[in-house]
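A.B. asks: sequence isn't available, so here's the structure alone:
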């Protein structure tokens, strides 16, 4: 609750500075509102740390929140109406285009300012009455007694920017050795394979997924099974989703070797099922289906009942989480101060052997002072939460949520908007946080890579979010939310009206601020009344024409993340989105995936506040060049498909106000190879950090592309370069990651010249069908830590080149030719032994 008010106060302050000319006539009312909300925010921060959710306090807090929402809506509606007025004037008076883009005639503003002033006065009077009710109805008396509850204070939260110690993740969880061996024995009978089903069962939070992953990644299991797949099922799923989960990279690589050219993403369910069946019947396979809620296999299934951790294992896990040491220490290396041991064991005992409850409790305590009084407060709080209901695990999770600093509570709740068991891209999550206003600027740090990633790492440290994958530089690539924590997030979000999760049944009154609608079919009839809607996220099966017409009332949308599906036998989705999409001028994050070829209207250029536009998963796109008007864009993803058209009507758009060279805020660009990119504006994108170019027939990169010197990561995909690109790329001074994939280069030799690639840490070569040799000259690649080479079947003579890479820490080879693998495994010598220690071959 406090975070909602705080975010709005910050927004008011920023608007007062940035839009002084717009709000001059109502400055007094806005200043009064901001001052009142600052005091309210401080009170709510204290209340959130001490409240027992009494009905009086909850009602009062809800009324304050609604008043703040009303004020935000009124101000944004005012800004929107002014912007539409400005755009209409530009259309009607094109001959004054030079004069009018940055001004609005004051006389036209007067009616809007007068209306805003009146509505702000009404809101201030409403807040004044709500504040009076706090004393009249003794809201303060609804607080818990002092000392019964403890919440994180700023000095107990991680110091931002400090070097973090590695924390306990799933791979480090103690115990389960005997359990893993038992599962392996059930899978491998007398060393031979026998087709069958093993089910690991137990209550939530016991570590079933962790145990399954431990077995899945076991070297003995890997040697026996020729193909493996780990698929998350959840309560709501489709057969096609499961098949796509099984059809992983090994599956697609095998199809490619067999001459299969059709993209499996275009296959129907029956065709895909047939392909998967044909693939599996030739091989020994292990498929792990995680989070299955029904008995799908009956008597064919071998059951393994997972038990809670014992007292010793619980204590060991608690210590590893509470006292991180920076290495995978054993229990003998992790010590608990003697004065904390008694209370620590009492806290661990409350967790009843549930690993999830233990790591969450340990994450909470790792942020507290290591004193008996601090830990005893936590114990008392835990006892109070456990007294509220029979679910011990949920009580401990609720305690950890309450302990989050106010600015992390919204970030945690927002993770609940994703589908159950969804693997969440960290970059997407952080950009949505930024669009919602949850991540505030801090000094000179970037909002996303600085503050946003710190927020995510803090949630991970507290075990509120689980890491799935990390990037080459150690940053989080993707994460996941445990089912029980997602249930908690949805429950808290519903209670505070933070967001609504809807399927096909809608309750009234229905006017949510954020709507999560996964797999909904009858949503369009309910959207027409959602005037307060700020975020719409989900996968929706409807005729698009009805849906988009209903969105016209949701003009305050900030986040729009939609996957639209349609039955091609019954519906004909629109080929072009309606022009009304341009009315959503407050939109900051827009991701869209349509069911067929999708065209965007010229009005997309009116989305003046858009920061992220993600269209990369669409198979076919038709985009007007008005997209280059979006000068606030930071992240632009424009698809990889070969059938990709851009409506570029003349060369003026390359260098005019519609040109890409004006998009100077771009940090990420994924785009097809077109003349407007390769010949023009890239060098002017001084903020660009990550660039991916897809496109065939780029014969020579040295004269076709001029890269900005600030690039950190570069991906070239299916470019079919004929000349070695390393001669050009090696001179980029800040390049740290380079990926050449899917025949980006069709030559036979790559040379890394002496003294070049001075900062490169990751080099990935994947699916380069003609590449035979990688040559590393002396002093080339001095900083390279990771070399990944996948499916380069012609490559040979690699081992001696690896010797020259003095900083190399990891080599990954997948699906390489037999001769190269034998050379690496069998060549004798101390230097080669060192290389083998850091080399992974699959």
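C.D. replies: Yes, it's here. Values in this document were obtained by computation on a predicted structure and should not be read as measured data.

A.B. asks: now do the end-to-end distance for stretch 305-312.
C.D. replies: For stretch 305-312, the separation between the terminal residues is 20 Å (CA to CA, to the nearest Å).

A.B. asks: ditto for stretch 447-466
C.D. replies: End-to-end for stretch 447-466, by CA to CA: 22 Å.

A.B. asks: distance between it and the chain's centre?
C.D. replies: Stretch 447-466 has its average C-alpha position 11 Å from the chain's average C-alpha position, going by CA atoms, centre = their mean, to the nearest Å.

A.B. asks: before we move on, what about stretch 779-797?
C.D. replies: Going by CA atoms, centre = their mean, the spacing between the C-alpha centre of stretch 779-797 and its chain's C-alpha centre is 29 Å.

A.B. asks: quick one: list the elements packing against the helix or strand encompassing residue 244.
C.D. replies: With elements taken from DSSP states H and E, the one containing residue 244 is helix 239-246. Identification of packing neighbours for helix 239-246 by 3 or more CB pairs under 8 Å, 6 or more residues apart in numbering; DSSP states H and E yields strand 227-232, helix 269-280. Heads up, the C-betas are built off the backbone N, CA and C, glycines and all.

A.B. asks: quick one: strands adjacent to whichever helix or strand comes after the longest one?
C.D. replies: Spelled out, it's helix 269-280. Tracing the chain C-terminally past helix 269-280 and defining elements by DSSP H and E, one meets strand 285-290 next. Based on DSSP bridges, the strands next to strand 285-290 in the sheet, each with its direction, are strand 227-232 (parallel).

A.B. asks: ok so, going back, buried sites along the helix holding residue 244?
C.D. replies: 242-246 (16 or more other CB atoms under 10 Å).

A.B. asks: what about residue 358, how many neighbours?
C.D. replies: Neighbour count of residue 358, defined by other CB atoms under 10 Å: 34.

A.B. asks: so it lies in a helix, does it not?
C.D. replies: Yes - if the criterion is DSSP: H, G, I helix; E, B strand; the rest coil, then residue 358 is within a helix.

A.B. asks: from residue 313, how far out is it?
C.D. replies: Using CB to CB, to the nearest Å, residue 358 is found at 9 Å from residue 313.

A.B. asks: would you confirm that residue 228 contacts residue 215?
C.D. replies: No - when contacts are counted by CB atoms under 8 Å, residue 228 is not listed as touching residue 215 (10.5 Å).

A.B. asks: quick one: common contacting residues for those two?
C.D. replies: residue 221 (CB atoms under 8 Å, 6 or more residues apart in numbering).

A.B. asks: which of the buried residues of helix 239-246 lies closest to residue 41?
C.D. replies: Residue 41 lies nearest to residue 245 out of the buried residues of helix 239-246, by CB to CB, at 44.1 Å.

A.B. asks: leaving aside the residues adjacent along the chain, what's closest to the closest one?
C.D. replies: Using CB to CB, 6 or more residues apart in numbering and skipping the chain neighbours, the partner closest in space to residue 245 is residue 231 (3.4 Å).

A.B. asks: give me the three-state assignment for residue 687.
C.D. replies: Note that with three-state DSSP, the state of residue 687 is coil.

A.B. asks: for the helix holding residue 244, what is the distance to the chain centroid?
C.D. replies: Between the centre of helix 239-246 and the centre of its host chain there is 22 Å, according to CA atoms, centre = their mean.

A.B. asks: also stretch 220-229?
C.D. replies: In terms of CA atoms, centre = their mean, the centre of stretch 220-229 is set 30 Å apart from its chain centre.

A.B. asks: before we move on, what about stretch 354-369?
C.D. replies: Computed by CA atoms, centre = their mean, the chain-centroid distance of stretch 354-369 equals 24 Å.
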